[in-house]
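1. next come a sequence and a model predicted from it.
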Amino acid sequence: MIDPLVDLDIDVRSFDIQRQVTVYPDRSGIRWWTKAWFNGSEDGEAAVEIERECAIQFLLDRIDKERMLEEYYPKQMEVYHNAIEQTKENLLKQLNIS
C-alpha cells in the first residue's frame, strides 16, 4: 500500500496526543506504582499499583511507554487510538484522499 501522505509536508507529531507515564515506589520501596498523564493533564490518571519487577523493567527500558499505557490504562488508550484514527480520517477527507 502506498502512503497517501508521503508527498505532503505534514508533521504528524502535531496530530499526536501527549502521553506520559512514570513508575515510583512507596517510601519503604516495597510497593510500586505507575501513573499516567494524557493530553497535558495536570492531575493525570489515578496511580495503579504494579509489580516491582515491572517497574524495574520499565526503568531499564525493557518495557516501553506504549506497552505500560496499554497494560495499565486500557480505557484511556482506547480513547487515544480512537482520537488518532478520527484525526487521520478527517485529514484524509480534507485532502480528498479517502
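-> Thanks, I have the structure now.
2. use CA for all of it now, contacts and neighbours both
-> Will do.
3. who's in contact with residue 35?
-> 21-23, 44-48 (Cα atoms under 8 Å, 6 or more residues apart in numbering).
4. now, those residues that are in strands?
-> Counting by DSSP state E, the contacts of residue 35 place 21-23, 48 in strands.
5. highest neighbour count among these?
-> Scoring these on neighbours with other Cα atoms under 10 Å, the highest-scoring entry is residue 23 at 20 neighbours.
6. hang on, isn't that one packed against residue 31?
-> No: with contact defined as Cα atoms under 8 Å, residue 23 does not reach residue 31; the gap is 10.7 Å.
7. and the residue lying closest to residue 33 once chain neighbours are set aside, how far from residue 75?
-> Distance criterion Cα to Cα, 6 or more residues apart in numbering; nearest residue to residue 33, sequence neighbours excluded, is residue 49 at 4.3 Å. The gap separating residue 49 from residue 75 is 17 Å, by Cα to Cα, to the nearest Å.
8. rewinding a little: now the ones in strands among the contacts of residue 35 as CSV including pLDDT and distance to residue 81?
-> CSV is the format used below for the ones in strands among the contacts of residue 35 (pLDDT from 0 to 100; distance: Cα to Cα, whole Å):
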residue, pLDDT, distance to residue 81
21, 97, 17
22, 97, 20
23, 98, 23
48, 98, 21
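9. low-confidence stretches in the protein?
-> 1-15, 97-98 (pLDDT under 70).
10. the same query, at a cut-off of 80, please.
-> For the chain, applying pLDDT under 80 flags the ranges 1-16, 91, 94-98.
11. got the buried residues for the longest helix along the chain?
-> As assigned by DSSP state H, the longest helix anywhere in the chain is helix 74-94. Of the residues in helix 74-94, 76-77, 80 count as buried by neighbour count, 16 or more other Cα atoms under 10 Å.
12. ok, residues contacting stretch 71-88?
-> Contacts to stretch 71-88, defined as Cα under 8 Å, 6+ apart, come from residues 15-17, 36, 48, 69-70.
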